[in-house]
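Colleague: The sequence isn't on hand, but the structure is:
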């Protein structure tokens, strides 16, 4: 069963209102001025990584494709805009027929990015492109933030699996997108059933303290769980006394007990004690799952502990201190005049107060050193140097309004693992540092 | 037109999968053990406020009521659970008939809370209550984090209106909930059309740099905007040179120009210069809107600047450093045995590793001093002292499965303003501090 075909009960039939009002009023202004049809190039990029981070991970691309396909103004939406007087009738008529007919190129999902990387490029008329700004940024800013944190955690965890269990710490639908992004970043499973349903991510579960407290004794609770879910289940052992719980767990489930979960205390110390106890009881195959406000640093600190899997919640879904990615969606080139054949000219904000950007329709390529390790993110607005032609990063995602680059989620997950492996080793150091690749600009500002 | 009745295109027909897998497997275990029907009391509370914060703001209550009403297992969902083998047929049959029939009490939306405040209490059978844990926490943790940040910002802004414009910085549906929470916390308007559509929040918009860059000159862009949107519009003046832009803006729109927006640079300095220039040009009624990574501290620092409104994005939707609220959903009491009339006994996790909680079904009341200012959050598990009976905080929200406390969003917004005004003055100091009210416990652990 391809669960994605079922559609989550919250499937989004229209994404047109995930939009800041000014996108629509700018459209109205441009329609009135006759400039709405000017061919335009918008690029998504970030000026900086979160402080101390060495790379970012592109995630959300597949969701952007869904959002663009479903960006339509139906009667309910048009009625709302009319009732509120947000745009005029001419604009409403234009919106009623809206369908994105342009082109989208982007870094494929799971790819890494750096300051200035043009992670997505949206081309078409000003009118059709400007409307997409808010929803494209919402998705990329959120999902990339989560995937970037997930990647650091999965690097720290090494071969040990990571379980995403943050649903309760973030908005219920952000949680589903977070599970998806975490999977791309290297997590193995999720506790979030909606993420399993919508994206086919493997789901897992253990037990909560409430289940133990419901029963007249911990033994009763363990027996109820093992009777129902089998000896392979994971028993939560820190409701009362951990040592006693471990003893009871093995008595109830036998030495085939699947795993125990530790959710509080000094995990390093407790994991060692529990491992020793399990081994003494003969439960040498019983695994230890730890949870409790883990982040990439806590995971790394447990590298030498006898831990078999990590469950991560809060810090994953909040991007481990960086819940958003600071990506912006900027007009970088537009037709010189109103004619359909008018050449593109680069444009950019130029005021001295900051937030300037680099004009021109850009390509990007990752240059490798002699050993095949990445050494620079090269971004240019002119012709691509021949030696970089085969290392270009932008892929065609939408062509003339049609999505051309759907892929299964595992493709993005595998791509991320490969992209991270291609970076210099210092990429996965957890200590604060500079971006692991410098961004080099060539021919920028020259237009295209 | 009551836009809420239209339903957002992303209206959620079922919320049953916004659930961690273990809620369902615990249900299965309890059904098998015969304990699923034990009367249970779960409470939502936080052990601590974000470091340095003086109060929290309850938000999301209305969304919880929606989520509970729509928590149903339809055929698609049951098919998914069966296909994945997540629970057995007995449990699936039970889920097919699921409908929450218990009671929910809670702090009314917009109320303030402190460590230990029982902000929501869910009572019913273990089975029907345990399933709601994940989605209840998702909503309250997210929405309360946003409202808590919004409240600090609105306190800092004083009488100046705050515009919520963070949609592009967070998940597209989290953004809609964030607008709602921000409104409760004191924001005046939002840029997010979906929030206007779904919750009737007033929407506003200005213009982006792209609109200026699209046109052959800043003058062309301003003229296009004023021609289309009228002189009352807000012109963005920092694409090229601010002083020149302000001059052009008044030339194009006249002295009736509604407002100018400054989105970069030293806002304090630039606002003063722009105000002086506008006044010199005779545009004394033209307002100044500032945006650009504002948080409550930046807002406060502009208190003496000639600023008329603040637009806040990133820091609002990310909770100004605290994107989640650390609320937990804990079993605090359950029937002593399986009979329907069995008395409740308090229960609590007791291991030494931390995360302990206080057992017993609790009430809460806010004690006032002689001047009528709040002086303590009193939480108890026994009888309510007579002098506090009239100051109780928990209100009935759901009775026997029926929602009994729907209210317009403005009621929550007004309640928050009143609740904050009733706190000691130091509540709205931005500096780091302790919770402004101590939480006092009486009779806890004695059951009820």
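Modeller: Thanks, I have it. Computed from a prediction, not measured in an experiment: that's the story for all the values here.
Colleague: what pLDDT, on average, does stretch A:228-237 get?
Modeller: The average pLDDT within stretch A:228-237 is 97.
Colleague: start to end distance for it?
Modeller: With CA to CA, to the nearest Å as the measure, stretch A:228-237 spans 18 Å from end to end.
Colleague: any idea how far that stretch is from the chain center?
Modeller: With CA atoms, centre = their mean, to the nearest Å as the basis, the distance from the averaged C-alpha position of stretch A:228-237 to the chain average is 31 Å.
Colleague: what residues are up against residue A:60?
Modeller: When the contact criterion is CB atoms under 8 Å, 6 or more residues apart in numbering or on different chains, the partners of residue A:60 are A:109, A:139-140, A:142-144, A:177, A:181. Placement of C-beta: from N, CA and C, glycine included.
Colleague: Please spell out the ChimeraX selection for the buried subset of these.
Modeller: Here is the ChimeraX command that selects the buried residues among the contacts of residue A:60 (16 or more other CB atoms under 10 Å in any protein chain shown):
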select /A:109,139,140,142,143,144,177,181
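Colleague: For the closest residue to residue A:39 other than its chain neighbours, what are phi and psi?
Modeller: Nearest non-adjacent residue to residue A:39, counting by CB to CB, 6 or more residues apart in numbering or on different chains: residue A:335, 4.3 Å away. For residue A:335, the backbone dihedrals are phi -60, psi 140 (criterion: degrees, to the nearest 10).
Colleague: wait, isn't residue A:335 in contact with residue A:343?
Modeller: Yes - taking CB atoms under 8 Å as the definition, residue A:335 is a contact partner of residue A:343 at 7.2 Å.
Colleague: Compare these two and say which one has the larger neighbour count.
Modeller: When residue A:335 is set against residue A:343 and neighbours are counted by other CB atoms under 10 Å in any protein chain shown, the residue ahead is residue A:335, at 21 against 12.
Colleague: Beta-bridge partners for the more buried one, please?
Modeller: Residue A:335 has these beta-bridge partners by DSSP bridges: residue A:344.
Colleague: and it, what does it touch?
Modeller: Residues counted as contacts of residue A:335 (CB under 8 Å, 6+ apart) are A:38-40, A:342-345.
Colleague: Could you check how far the residue nearest to residue A:60 when sequence neighbours are not counted is from residue A:44?
Modeller: Beyond its immediate neighbours in the sequence, the residue positioned closest to residue A:60 (CB to CB, 6+ apart) is residue A:143, lying 3.1 Å away. As defined by CB to CB, to the nearest Å, residue A:143 lies at a distance of 12 Å from residue A:44.
Colleague: Could you do residue A:377 as well?
Modeller: Distance from residue A:377 to residue A:44, counting by CB to CB: 15 Å.
Colleague: Surely residue A:124 is in contact with residue A:105?
Modeller: No - look at residue A:124 against residue A:105 with CB under 8 Å: they stay out of range, at 12.0 Å.
Colleague: Show me the shaky parts of the stretch 151-300 of chain A.
Modeller: Residues of the stretch 151-300 of chain A that meet the criterion pLDDT under 70 are absent altogether.
Colleague: and the residue in it that chain B sits nearest to, what element?
Modeller: Distances from the stretch 151-300 of chain A to chain B, computed as CB to the nearest CB, single out residue A:265 as the nearest residue at 2.6 Å. Element membership of residue A:265, judged by DSSP states H and E, is empty: it is in no helix or strand.
Colleague: Residue A:142 now?
Modeller: Secondary structure assigned from DSSP H and E places residue A:142 in helix A:133-157.
Colleague: quick one: the helix or strand that comes right after that helix near chain B?
Modeller: Sequence-wise, the next helix or strand beyond helix A:133-157 is strand A:162-164, with elements assigned using DSSP H and E. No - looking at strand A:162-164 against chain B by CB under 8 Å from any CB of the partner chain, there are no contacts, and the closest approach is 10.2 Å.
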